[in-house]
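below: sequence and its predicted model.
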2 protein chains.
Amino acid sequence: MTVNINRDKCVGCGLCVNDCPAHILALEEDKAVQKSKGCIFCGHCVAVCPVQAVSLPALNRAPNKELAAEALPDNVADLVYRLMCERRSIRQFNGAPVPETVMERLMEVARLSPSAGNRQPLRYILVEEHLAALREGAMEALKAFVQQPEEHPYRHFFKVMLAEYEAGRDPLFWQAPQLLLLVRPKDRDVNDAPIAAGRIELLAHAEGYGACFIGFITAILAENAPLRELVGLKPDEVAQCALILGEPAVRYHREVARRPLRLTRL
Amino acid sequence: MTVNINRDKCVGCGLCVNDCPAHILALEEDKAVQKSKGCIFCGHCVAVCPVQAVSLPALNRAPNKELAAEALPDNVADLVYRLMCERRSIRQFNGAPVPETVMERLMEVARLSPSAGNRQPLRYILVEEHLAALREGAMEALKAFVQQPEEHPYRHFFKVMLAEYEAGRDPLFWQAPQLLLLVRPKDRDVNDAPIAAGRIELLAHAEGYGACFIGFITAILAENAPLRELVGLKPDEVAQCALILGEPAVRYHREVARRPLRLTRL
């Protein structure tokens, strides 16, 4: 059985039975039991049990932690709202990386992100030592691309990037000390990586660090075999999201400007 | 010119020049000026200016708000970390919807989300009145699908869903009072919608409400013409993310269980 229920501990409250989205649990003789296959590994049965009677052995390597006893403060939503409104893409860094203790927290919230069907397809590549080599390879690839005769909608932008690079600046990673790649198998859901990346980016901001999505490097890594090899991407993998990370050297006074909301109610 | 700089206000500090990722600004006679085309509408020049001298007329309909003067509390990262670790997919609701004031905040953090190239392709459909019709149509479509002879990896799961539905329960929207669809043109970046949805989901949790990604309805809306019409999807649009929303009727004691982190350092 997938769901392990300790009959001695089970108090027969039925909370796990009611909460199981796969409807595979039932009460028998006032004890919860698994009645059929089809577990989706959401772990809700484990988390909802008031007496710690339920476990999922398949997930045992990383068991659920108990929630903190104290309630979150009343203003927690106001703080999260403010953070989400205030965060901006950071492209000026002072050279200091996100320290190890903070990086561990960023990776932990990524690990615990919502995942389509709880399949958890993501792995992460943190590029630090090899960042200069990746930058150089990407800019060389861009140079070769721009020298081709075909027109491209971003041709002007690419030329600006190359001019900046040749002037000794870094228009790709913006002198950030760290690049984090979020990698999934090509055939898996496209929603997992950006959800996890959004969490990393928001928590980094809360911790006082800056981040910026770099779509350009994901586009290059989709096609450039030597750079795929450099970062260790397997043929069936796609680096869907990339975030530069580090301590910011810029401070903003205003929220991001966006178009008005487009909301339809039905 | 795209970037409007008020010469009387400009103090020539050069912060906007340094921060422009498109490198289109420069200092001339101690004043910032736009030197070339290529604005990517990030709005950083507007936000970094210490004297409110910069504006982007193209974004004027929703100008940047000034950030709050008071600093965020020292423990804000701890609170965000806890929220991200504690949040779970909610599939039991008490019938109360997310109220209007909270819904406005959810939509505001979605609107201000990071957007690939600042293109902001998303629109939103909040389904309340038509939710029962959408459920019924989706379950009818599932019934027809299961009656076909072909095997399907989720066939068993679909049959369980149908049995639940026929027993008067709601295995699709879980009796949630609201469904929010995040819609993009098919040819736009896949990262915007899940980033925005992840923010909505997290802030909803902070506000005391529950949410759950419903990938199943997005799969049906990708193919089912009558249901696409019901929710008003245009032929070139895809409903990439769907979240059920409402007041939760369940409480969890433990974090979600996930596989160990897979992190490579280079």
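Looks like it arrived, so ask away.

with just CA atoms, put the one helix or strand residue A:140 maps to into CSV.
Using DSSP states H and E, residue A:140 maps to helix A:131-147. The C-alpha coordinates for helix A:131-147 follow below in CSV (Å, rounded to 0.1, in the frame of the first residue of the first chain):
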residue,chain,number,x,y,z
LEU,A,131,29.9,31.8,-15.3
ALA,A,132,32.6,33.7,-17.2
ALA,A,133,33.0,30.8,-19.6
LEU,A,134,29.3,30.6,-20.2
ARG,A,135,29.1,34.4,-20.8
GLU,A,136,32.0,34.2,-23.3
GLY,A,137,30.5,31.3,-25.1
ALA,A,138,27.1,33.0,-25.3
MET,A,139,28.5,36.3,-26.6
GLU,A,140,30.6,34.4,-29.2
ALA,A,141,27.5,32.6,-30.4
LEU,A,142,25.6,36.0,-30.6
LYS,A,143,28.5,37.5,-32.6
ALA,A,144,28.3,34.6,-35.1
PHE,A,145,24.5,35.0,-35.3
VAL,A,146,24.6,38.7,-36.0
GLN,A,147,27.1,38.2,-38.7
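
does chain B sit close to stretch A:253-266?
Yes. Counting by C-beta under 8 Å from any C-beta of the partner chain, contacts between stretch A:253-266 and chain B involve A:253-266. The way it works is simple: take the backbone N, C-alpha and C, and place the C-beta from them, glycine included.

buried ones in that stretch?
A:254-259, A:266 (16 or more other C-beta atoms under 10 Å in any protein chain shown).

tilt between the lengthiest strand in chain A and helix A:131-147?
When chain A is scanned for its longest strand (criterion: DSSP state E), the result is strand A:237-246. Strand A:237-246 and helix A:131-147 meet at an angle of 120 degrees, taking axes from the mean of the first three to the mean of the last three C-alpha atoms, to 10 degrees as the criterion.

quick one: strand A:237-246 to chain centroid distance?
Its chain's C-alpha centre and that of strand A:237-246 lie 9 Å apart, by C-alpha atoms, centre = their mean, to the nearest Å.

can you give me how far the helix holding residue A:140 is from the chain middle?
With C-alpha atoms, centre = their mean, you get 26 Å for helix A:131-147.

just the helices in the stretch 151-266 of chain A please.
A:155-166, A:192-206, A:215-221, A:225-231 (DSSP state H, counting those that start in this stretch).

ok, now how distant is the closest residue to residue A:59 other than its chain neighbours from residue A:200?
Closest residue to residue A:59 apart from its sequence neighbours, by C-beta to C-beta, 6 or more residues apart in numbering or on different chains: residue B:257 at 4.2 Å. Per C-beta to C-beta, to the nearest Å, residue B:257 is found 20 Å from residue A:200.

before we move on, what about residue A:75?
Counting by C-beta to C-beta - residue A:75 and residue A:200 are separated by 24 Å.

go on, residue A:91?
17 Å.

got it, and residue A:163?
Following C-beta to C-beta, the distance that separates residue A:163 from residue A:200 is 31 Å.

for residue A:129, same thing?
Distance from residue A:129 to residue A:200, counting by C-beta to C-beta: 20 Å.

so for those two, which residue has more residues nearby?
residue A:200 (25 against 9; other C-beta atoms under 10 Å in any protein chain shown).

excluding its backbone neighbours, what's nearest the more buried one?
That would be residue A:106: by C-beta to C-beta, 6+ apart, it lies 4.8 Å from residue A:200.

what is the burial count for the one you found?
27.

can you check residue A:235 too?
Residue A:235 has 7 nearby residues by other C-beta under 10 Å.

any idea how far chain B is from it?
16 Å (C-beta to the nearest C-beta, to the nearest Å).

before we move on, what about residue A:134?
From residue A:134 to chain B the distance is 8 Å (C-beta to the nearest C-beta).

OK, contacts around that residue?
Contact analysis of residue A:134 by C-beta atoms under 8 Å, 6 or more residues apart in numbering or on different chains lists A:127, A:179, A:217, A:227, A:230-231.

then residue A:266?
With contacts defined as C-beta under 8 Å, 6+ apart, residue A:266 is in contact with B:125-130, B:230-232.

cool, and residue A:77?
So residue A:77 contacts B:105, B:203, B:206-208 (C-beta under 8 Å, 6+ apart).

doesn't it fall inside a helix?
Yes. Residue A:77: assigned to a helix according to DSSP: H, G, I helix; E, B strand; the rest coil.

not counting sequence-adjacent ones, nearest residue to residue A:231?
Counting by C-beta to C-beta, 6+ apart, the residue nearest residue A:231 is residue A:125, at 5.6 Å.

what are the phi and psi values for the one you found?
Taking degrees, to the nearest 10, you get phi -130, psi 120 for the backbone angles of residue A:125.

count the neighbours of it for me.
Neighbours of residue A:125 under the rule other C-beta under 10 Å: 21.

which non-adjacent residue is nearest residue A:10?
Closest residue to residue A:10 apart from its sequence neighbours, by C-beta to C-beta, 6+ apart: residue A:53 at 4.4 Å.

need the pLDDT of that neighbour.
Model confidence at residue A:53, given as pLDDT, is 93.

tell me the spacing between it and chain B.
For residue A:53, the distance to chain B - C-beta to the nearest C-beta - is 12 Å.

so that residue makes contact with residue A:25?
No. Contact between residue A:53 and residue A:25 fails when scored by C-beta atoms under 8 Å: they sit 11.8 Å apart.

quote the end-to-end distance of stretch A:119-135.
End-to-end distance for stretch A:119-135: 32 Å, by C-alpha to C-alpha, to the nearest Å.

neighbours around the residue nearest to residue A:145 when sequence neighbours are not counted, how many?
Computed as C-beta to C-beta, 6+ apart, the closest residue to residue A:145 that is not its neighbour in sequence is residue A:158, at 7.0 Å. Using other C-beta under 10 Å, residue A:158 has 16 other residues around it.

go ahead and confirm residue A:158 touches residue A:146.
Yes. Assessed by C-beta under 8 Å, residue A:158 is found in contact with residue A:146 at 5.1 Å.

re the thing from before, near chain A, from the contacts of residue A:77?
Okay, of the contacts of residue A:77 touching chain A (C-beta under 8 Å from any C-beta), that's B:105, B:203, B:206-208.

can you list the weak-confidence ranges in chain A?
A:60-64 (pLDDT under 70).

can you pull out the strands in it?
Using DSSP E, strands in chain A cover A:4-5, A:25-28, A:31-34, A:54-55, A:123-127, A:178-185, A:210-213, A:237-246, A:263-265.
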